[in-house]
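all I have is the shape, not the residue letters:
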C-alpha cells in the first residue's frame, strides 16, 4: 500500500517540483469545476509564470463551502504566500480567516465577489455587477419596443450580493421598481441550468404571457430557453443574462439569448497576481475597488445601447470555445 | 485482529508525513502540525460519533447537517436573541441531541434502516437550519463561543484549546469502548445482533443511546466549528457526513460493524488533513487531494474485506 502511494505521489511530485522562486502567491476559487473559475485560474497561472512567481491554488468543494476556503488560507499562509487572491464563497463567513492572514502580513485581494464588509480585504478586483445588470435592463427595454412588459426574473439565491446587484441593476436599467406589477414571477435558480428550467416552467404556469426573462447567468438562461421551447413560446421572448462564457455567447449567436453582459475573470486573476508580486517586491499595497470591465454582447444591436457582436464576444469569452 | 488493519493506517500516515517532509521544508514544523490538527478537529470529532454508530453496523448521513443546525442555534441565540452564551451553547447541544434521539428511535422502535432515516433527518436538519437562519451567516459572536479557537503555547507552537478537546474526547471514547460494558456491547451488537440478543444485551436501548451520544458529539463539533471559523454558517457541514465516514474507513474500521478502533478515525482524519496541507504547500491543485482520498478509501476497504475473508 505504501509503495503504491509513493509511486502515485511521485507522479504528482515530479510534475510539480519546478524550481521554486522566491515569491509565492495563492489563488482560492469558489470551486474547481465552474468554467469561470477555471479561466480565472488559467489567468493566474499565466501571470505567475510571466512574473516568475510560484502559484498555490485551492478551491471549495461546492459553491458556499466556507470551511475549505478557511483551511486553504491557513495552508497558504503557512506555505509562505505573500499575497492571497480569493473569490469568497461566503462573503461574511470568510472575514475572520482573512483578518488572520492580513494580521500575518499577507496581502488579501477579493476577486469577483466582495467580502462583507468590503474593507475586510485589501482590495476588490471584480466586475461591476450593478452595471452589468443595467446594460441588459436597458437592452431588454429597447428590444421590447413599446409593448407592455411581463417580466420573469430568474435569480441566484437569497442574501448573495452578486445576485442582488445584477437583479437591482437590471430593474433600474429596464426602468421599473421592485414589486412593479410588470414583474410577474421571481424565482431562485442558484445559477443552475436544471433549476432555471424548472423555475421558468413554473413561471409560465403562473403567467403564460411572459415576454422578458432576466437570468442571473447563462446556464439559468439556457434552462429558461428550454422551458420556453417546450411550451412553444421561445419566439418573441427577450432573454437577457450575465457572464459572457463561451457557451453563453454561442447561445447569443444562436438567438436563444438576446444579449449578455460579458465579464473578464482572466483579467481579475492577472491583475491580482501582478498586485501580489508587486506587494512582495516593494511592500506597496493595492486598495479599494478595481473595475475589471463589462461589455454587452448581442448580434441585434439597439440604438442608444453600446454593444459588441458575438465575434468579439467569442474572442474574449471564457470556457471551451 | 489482523495487524494490517491496525497498523496500515498509521504507517500510511507516517509515510505521507515523511514524503511531504522530503518535498517541502515548511511541512515538518510544530506550527504546521498544530495547524493540521486544528483543520481536522471538526471532522475528527464528528468521526468519533460516526465510529460509534458504524461499530453497531449503522451509518449516520445526518451528522454534518445536525452539526450545522447546532452551530446556527448557538450563534443566533447568542447574537440575535441576546441569550447568555453558555445557555445558547447548551441549547445548540440540546438541538443536536434531539436529532440523535429521533434517529435512534426511528431506527430501533420503527425498525427503519439507518441509511434512510438519517437521509431523511439530513434534509430536515438542513431545512430547519435554512429557515431559522434565513440562509444568513451570523457574525459578531461573543468571546465565550470562540474560546476553543483561541490558543496557548507549547514552546514556540500555538495550540488551540479545541485541539486539546478533540484529543481528550478520543481518549474518553477509547476508554468507553475498551473498558466499559456498554462499550463492549457496542462491538457485540455490530458483530452479531442475534447473538447479542441471546446474551441478553439490551440492544434497542443501546442503539438509541449510541445515536443520541453521537449527536451530542456532533453538537460539540458544532461548537468547535463556530470557534474555528468565527461565524455561524448555514452552508457549513454539507460534505461532512462523507468526510467523517471517510475518516472512519481510512482508520481501518469496518463498515460492516463490530470491528475497528476509535483512534483509527483520528488517524484517518489526519491522513486527509496531511494530504490537503502538504499538497497545498507543494503548490499542487486541491483536486489531487480528492483523487488520492478516493484511492486510499478503496485501499482501506479492500484491506478490510481481504482480512475478513481470511478469518
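That came in fine, so what should we check first? Nothing here was measured: the structure is a model prediction, and the numbers come from that model.

so the residue of the stretch 1-150 of chain B found nearest chain A versus residue B:242, what's the distance?
Nearest residue of the stretch 1-150 of chain B to chain A: residue B:137, at 4.1 Å (Cβ to the nearest Cβ). (C-beta placed from N, C-alpha, C; glycine too.) Plainly put, residue B:137 is 23 Å away from residue B:242 if you go by Cβ to Cβ, to the nearest Å.

can you report phi and psi for the residue in the stretch 201-311 of chain B that chain A sits nearest to?
Residue nearest to chain A within the stretch 201-311 of chain B (Cβ to the nearest Cβ): residue B:230, separated by 3.3 Å. Backbone torsions for residue B:230, taken as degrees, to the nearest 10, come to phi 80, psi 10.

give me phi/psi at the closest residue to it other than its chain neighbours?
Nearest non-adjacent residue to residue B:230, counting by Cβ to Cβ, 6 or more residues apart in numbering or on different chains: residue A:96, 3.3 Å away. Torsion angles at residue A:96 (phi, psi; degrees, to the nearest 10) stand at phi -60, psi -40.

hang on, the earlier thing: hang on, isn't the residue of the stretch 1-150 of chain B closest to chain A packed against residue B:229?
No. Judged on Cβ atoms under 8 Å, residue B:137 makes no contact with residue B:229 at a distance of 9.6 Å.

same drill for those two, tell me which one is more crowded.
Set side by side, residue B:137 and residue B:229 show more neighbours around residue B:229, with 28 against 23, by other Cβ atoms under 10 Å in any protein chain shown.

what separates the closest residue to that one other than its chain neighbours from residue A:89, distance-wise?
Distances taken as Cβ to Cβ, 6+ apart place residue A:70 nearest to residue B:229, at 5.7 Å, with adjacent residues excluded. Distance, residue A:70 to residue A:89, using Cβ to Cβ: 10 Å.

please apply the same query to residue A:124.
15 Å.

residue A:158 too?
Using Cβ to Cβ, residue A:158 is found at 15 Å from residue A:89.

and the two? which has more neighbours close in?
Counted by other Cβ under 10 Å, residue A:158 and residue A:89 do not tie: residue A:89 has more neighbours, with 26 against 12.

can you give me the distance of residue A:84 to residue A:72?
Using Cβ to Cβ, residue A:84 is found at 9 Å from residue A:72.

right, I mislabeled it, should have said residue B:144
In terms of Cβ to Cβ, residue B:144 sits 28 Å off from residue A:72.

next, see if stretch B:264-272 gets close to chain A.
No. Applying Cβ under 8 Å from any Cβ of the partner chain, one finds stretch B:264-272 out of contact with chain A, separated by at least 10.2 Å.

buried set for the helix or strand of chain B with the lowest mean pLDDT?
Here the helix or strand of chain B ranked lowest by mean pLDDT, DSSP states H and E is helix B:193-198, holding a mean of 82. If you call a residue buried by 16 or more other Cβ atoms under 10 Å in any protein chain shown, then helix B:193-198 has these buried ones: B:193, B:196.

helices or strands up against that helix?
Under the contact criterion of 3 or more Cβ pairs under 8 Å, 6 or more residues apart in numbering or on different chains; DSSP states H and E, helix B:193-198 touches helix B:181-191, helix B:203-229.

ok and the last one relative to helix B:181-191, angle-wise?
Think helix B:203-229. 100 degrees (axes from the mean of the first three to the mean of the last three Cα atoms, to 10 degrees).

which strands or helices does helix B:203-229 pack on?
helix A:66-78, helix B:30-55, helix B:63-79, helix B:85-108, helix B:143-146, helix B:161-179, helix B:181-191, helix B:193-198.

and residue B:7, how far from residue A:282?
52 Å.

hmm, I typed the wrong one, I wanted residue A:166.
Residue A:166 is 36 Å from residue A:282, by Cβ to Cβ.

same question for residue B:182.
Relative to residue A:282, residue B:182 is positioned 64 Å away (Cβ to Cβ).

in chain A, what residue is nearest chain B?
Per Cβ to the nearest Cβ, the residue of chain A with the smallest distance to chain B is residue A:96, at 3.3 Å.

would you map the helices across chain A?
Applying DSSP state H to chain A gives helices spanning A:2-16, A:35-51, A:66-78, A:95-103, A:129-144, A:161-174, A:193-206, A:218-230, A:246-253, A:265-282, A:310-316.

just put these in JSON lines and tack on mean neighbour count and mean pLDDT.
JSON lines is the format used below for the helices of chain A (neighbours: other Cβ atoms under 10 Å in any protein chain shown; pLDDT from 0 to 100):
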{"stretch": "helix A:2-16", "mean neighbour count": "13", "mean pLDDT": "43"}
{"stretch": "helix A:35-51", "mean neighbour count": "20", "mean pLDDT": "92"}
{"stretch": "helix A:66-78", "mean neighbour count": "25", "mean pLDDT": "95"}
{"stretch": "helix A:95-103", "mean neighbour count": "18", "mean pLDDT": "96"}
{"stretch": "helix A:129-144", "mean neighbour count": "23", "mean pLDDT": "96"}
{"stretch": "helix A:161-174", "mean neighbour count": "22", "mean pLDDT": "94"}
{"stretch": "helix A:193-206", "mean neighbour count": "19", "mean pLDDT": "90"}
{"stretch": "helix A:218-230", "mean neighbour count": "24", "mean pLDDT": "93"}
{"stretch": "helix A:246-253", "mean neighbour count": "22", "mean pLDDT": "94"}
{"stretch": "helix A:265-282", "mean neighbour count": "22", "mean pLDDT": "95"}
{"stretch": "helix A:310-316", "mean neighbour count": "16", "mean pLDDT": "94"}
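
surely the residue nearest to residue B:229 meets residue A:94?
Yes. Counting by Cβ under 8 Å, residue A:70 touches residue A:94, with 6.9 Å between them.

contacts only, for residue A:206.
Listed by Cβ atoms under 8 Å, 6 or more residues apart in numbering or on different chains, the contact partners of residue A:206 are A:184, A:185.

separation between it and residue A:185?
5 Å.

then residue B:120?
From residue B:120 to residue A:185 the distance is 31 Å (Cβ to Cβ).

where does chain B have low pLDDT?
Within chain B, the segments meeting pLDDT under 70 span B:1-6, B:310-311.

let me see the contact set for the residue lying farthest from the centre of it.
Outermost residue of chain B with respect to the C-alpha centroid, by Cα atoms, centre = their mean, is residue B:198; its distance is 31.8 Å. Residue B:198 makes contact with no residue, according to Cβ under 8 Å, 6+ apart.

around chain A, which positions in the stretch 101-250 of chain B sit nearby?
Residues of the stretch 101-250 of chain B lying near chain A (Cβ under 8 Å from any Cβ): B:134-137, B:139, B:225, B:228-231, B:233, B:235-236, B:238-239.

which of those residues count as buried?
Buried members of these, counted by 16+ other Cβ under 10 Å: B:135-137, B:139, B:225, B:228-231, B:233, B:235-236, B:238-239.

farthest-apart pair in those residues, please.
Using Cβ to Cβ, these span at most 22.5 Å, a distance reached by B:139 and B:239.

could you tell me the end-to-end distance of stretch A:116-132?
From its first residue to its last, stretch A:116-132 covers 20 Å (Cα to Cα, to the nearest Å).

which parts of it are buried?
Those would be A:116, A:120-132, for stretch A:116-132 by 16+ other Cβ under 10 Å.

from those residues, which single one is nearest residue B:75?
For the buried residues of stretch A:116-132, the nearest to residue B:75 is residue A:116 (16.1 Å; Cβ to Cβ).

so residue A:99 makes contact with residue A:121?
No. Assessed by Cβ under 8 Å, residue A:99 is found out of contact with residue A:121, at 9.7 Å.

what's the overlap in contacts for the two?
Counting by Cβ under 8 Å, 6+ apart, nothing touches both residue A:99 and residue A:121.

once you drop chain neighbours, what's closest to residue A:271?
Using Cβ to Cβ, 6+ apart and skipping residues adjacent in sequence, the residue nearest residue A:271 is residue A:125, 5.4 Å away.

please look at that neighbour and residue A:272 and confirm they touch.
Yes. Contact status for residue A:125 versus residue A:272: in contact at 5.4 Å, counting by Cβ under 8 Å.
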